[in-house]
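> Build me a model:
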Amino acid sequence: MKTEAAEKKEKNTRQVKDLRYRLTASFILFAVILMAILWIFQSVFLDKYYELAMSRRCSKAVNSVASFYASKTDSISMQEFVEFLGQQSADNDLFIRIESPDGSYGISSTESSKMGRFPMMDNTRDLLHQARNMLKSSEKGYISFSTNSRMGDKTYVYAKHVQSESNNPVYVFAIATLTPLGPAVGILRSQLLIVTGVALIIGIFVARFTSKRLATPISNMEIQARELAKGNYDVHFEGGDYKELKDLAATLNQTAVDLKASDALQKDLIANVSHDLRTPLTMIKSYAEMIRDLSGDIPEKRDEHLGVIIQEADRLDDLVGDILTLSKMQAGVVEMEMEDFDIQEAGESVFSTYMVMEQEGFKLSFSPAAEKITVHGDRRKIQQVMSNLISNAIRYSRDVKEVSLGFEKSGGSVICSVCDKGIGIDEADQAKIWNRYQKASKQGVRSSQGTGLGLSIASEILEKHGATYGVESKPGEGSRFWFSMPVKNI
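Sure thing, here's the model as predicted:
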């Protein structure tokens, strides 16, 4: 029987071959379609394109002669004008003539030494006569037509009536012979057949080479992605030679790192919540058994034990409440009651509730700004943020039990700071403490109180207000938690 590794290798090989086949077929199909389009244009539309190109040449040559005549007739010699007609004839392979409508004078490109390949044909006079008659009755000032000669050649004629304020009116004629393309098309088809064969052969090699460089990394990434979906976060994605695939591989590698960290955090959350649930439950059960077996008939002991049960039940209620609050906020089902309020007055109201901690040796100080500061937000939620930060500072204080709440106006914002001189936080852990159930207690012994969700709830509230926040801390020297909100101008 095949091993699992052998089956995966065989499956990967089949996927690579299948993808390479599809990519190669796509490249070859593209080459075939491209060559078919080229065949159609060369075989079907070549005559029409040739005729259209010659008509444009005639029109361009006539307009050039007309412009030259209108601008330089007074300052140029007859010989120079003749040479200009000859140059236009040679450049465009045309017969060109300019003459007066009454026939008193006329100049042809055949009179120039630069005439080119266009000879004076037998039917040229007839074509010119026909063009004159058509110009006389034309309202547009120009005419064009084509005729077939006895030899099978096609002739195209373009003529224009040129009128200038400073010069006499003239007729400008251009005649082009459209050489039959039958023999040329046959030669082109022979060449095109050779080009098509060579292009298809080159296309096959290029397609196979390119498809191999594309298919192998894509197939490998697909296999690694399946492993990632199964929970194997140690996979590594390789992007191959193309920038886009390298960028995709880098994104997937970062995703694997983030998923691994999220999975570790989730396991840590479950472990911590389970521990914090088990401890009060164990205490409640133990003291309930003590009331049943020992202190049920002793009022003093019974009341003491019931007090412990009530205290532990309150801890459970706090934990469940914090988890529920955080879940609602992250789900976006908590509505904010936005209003304008004095943030310092709100902070003082919260801070006053902690003054009782002075009985336990804490030194609490409140430092407001000199002026009233109004912000726009949910008063209760912002007070919850300040309460969480203050209780967090009290919880992690050690020998130096000093906690302060201060406000400072900076530009168009107000900065609220909560400072302590407690255990502090390592720089590497400062960004993590805002995550769910991530505690600074990993650096030291934490208090038995607290759910570990206070800072996470605070960060959710502040983000919903569009506020910035952070922490400045050194281990053993304490911490400064702060957040900043825009000041409401009234």
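
> would Gly476 count as being in a strand?
No - assessed with DSSP: H, G, I helix; E, B strand; the rest coil, Gly476 is coil; it does not lie in a strand.

> quick one: pLDDT of it?
Here the pLDDT value assigned to Gly476 is 86.

> One more: the one 5 residues further on?
In this model, Phe481 is scored at 95, pLDDT.

> got the contact list for it?
Leu389, Asn392, Ala393, Ser417, Val418, Cys419, Tyr469, Gly470, Val471 (C-beta atoms under 8 Å, 6 or more residues apart in numbering). Every residue, glycine included, has its C-beta placed from N, CA and C.

> how near is the fifth one to Lys140?
What that stands for is Val418. Distance check for Val418 against Lys140: by C-beta to C-beta, to the nearest Å, it reads 87 Å.

> The two: who's more crowded?
Val418 (25 against 8; other C-beta atoms under 10 Å).

> Tell me the buried residues within the contacts of Phe481.
Restricting these to buried positions leaves Leu389, Asn392, Ala393, Ser417, Val418, Cys419, Tyr469, Val471, with burial counted as 16 or more other C-beta atoms under 10 Å.

> What strand or helix carries the third one?
Taking DSSP states H and E as the criterion, the element that holds Ala393 is helix 379-395.

> So for the helix or strand just after that helix, what gets flagged as buried?
The element immediately downstream of helix 379-395 (helix or strand, assigned by DSSP H and E) is strand 402-410. Buried residues in strand 402-410, defined by neighbour count with 16+ other C-beta under 10 Å: Val403, Ser404, Leu405, Gly406, Phe407.

> same check, this time on stretch 60-69
Going by neighbour count (16+ other C-beta under 10 Å), the buried part of stretch 60-69 is Lys60, Ala61, Val62, Asn63, Ser64, Val65, Ala66, Phe68, Tyr69.

> Of those residues, which is the nearest to Leu200?
The shortest approach to Leu200 among the buried residues of stretch 60-69 belongs to Lys60, at 38.9 Å (C-beta to C-beta).

> nearest residue to the closest one other than its sequence neighbours?
For Lys60, ignoring the flanking residues on the chain, the nearest one in space by C-beta to C-beta, 6 or more residues apart in numbering is Asn92 at 7.3 Å.

> OK, contacts around Lys301?
Neighbour list for Lys301: Leu294, Ser295 [criterion: C-beta under 8 Å, 6+ apart].

> On the three-state scheme, it is what?
helix.

> The one 3 residues further on too?
In three-state terms, and counting by three-state DSSP, Glu304 is helix.

> and it, how many residues sit next to it?
Glu304: 14 neighbours (other C-beta under 10 Å).

> Could you measure from it over to Glu371?
Counting by C-beta to C-beta, the separation of Glu304 from Glu371 is 51 Å.

> okay, and for the stretch 251-400 of the chain, where does confidence drop off?
Within the stretch 251-400 of the chain, the stretches with pLDDT under 70 are 265, 268-269, 271-273, 275-276, 279, 296, 330-333.

> Please enumerate the strands of it.
With strands called from DSSP state E, counting those that start in this stretch, the stretch 251-400 of the chain shows them at 338-342, 363-367, 374-378.

> Could the C-alpha coordinates of the last one be exported in CSV?
C-alpha atoms of strand 374-378 as CSV (Å, rounded to 0.1, in the frame of the first residue of the first chain):
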residue,chain,number,x,y,z
THR,A,374,-15.9,69.2,25.8
VAL,A,375,-15.8,66.1,23.5
HIS,A,376,-18.5,64.3,21.5
GLY,A,377,-19.0,60.7,22.3
ASP,A,378,-20.8,58.1,24.6
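
> when you give positions from now on, start the count at 532
Right, with 532 as the first residue, what we last looked at is strand 905-909.

> which outside residues touch that strand?
Residues contacting strand 905-909 (C-beta under 8 Å, 6+ apart): 867-874, 913, 945, 992, 996, 1016-1019, 1021.

> Mind listing what's buried along the helix or strand hosting Asp622?
Assigned by DSSP H and E, Asp622 belongs to helix 609-623. Using 16+ other C-beta under 10 Å as the burial criterion, the residues of helix 609-623 that qualify are Phe612, Val613, Glu614, Phe615, Leu616, Gly617, Gln618, Gln619, Ser620, Ala621, Asn623.

> Check stretch 859-879 too.
Buried residues in stretch 859-879 (16+ other C-beta under 10 Å): Met860, Val865, Phe872, Asp873, Ile874, Gln875, Ala877, Gly878.

> Pick the one among the contacts of Phe1012 closest to Asp960.
In terms of C-beta to C-beta, no member of these lies closer to Asp960 than Val1002, at 9.9 Å.

> can you give me the strands for the stretch 632-781 of the chain?
So, for the stretch 632-781 of the chain - with DSSP E, counting those that start in this stretch - the strands run 637-639, 673-679, 685-693, 701-709.

> do you know how far Leu618 is from Ile627?
You called it Leu, but residue 618 is Gln. For Gln618 relative to Ile627 (C-beta to C-beta), the value is 10 Å.
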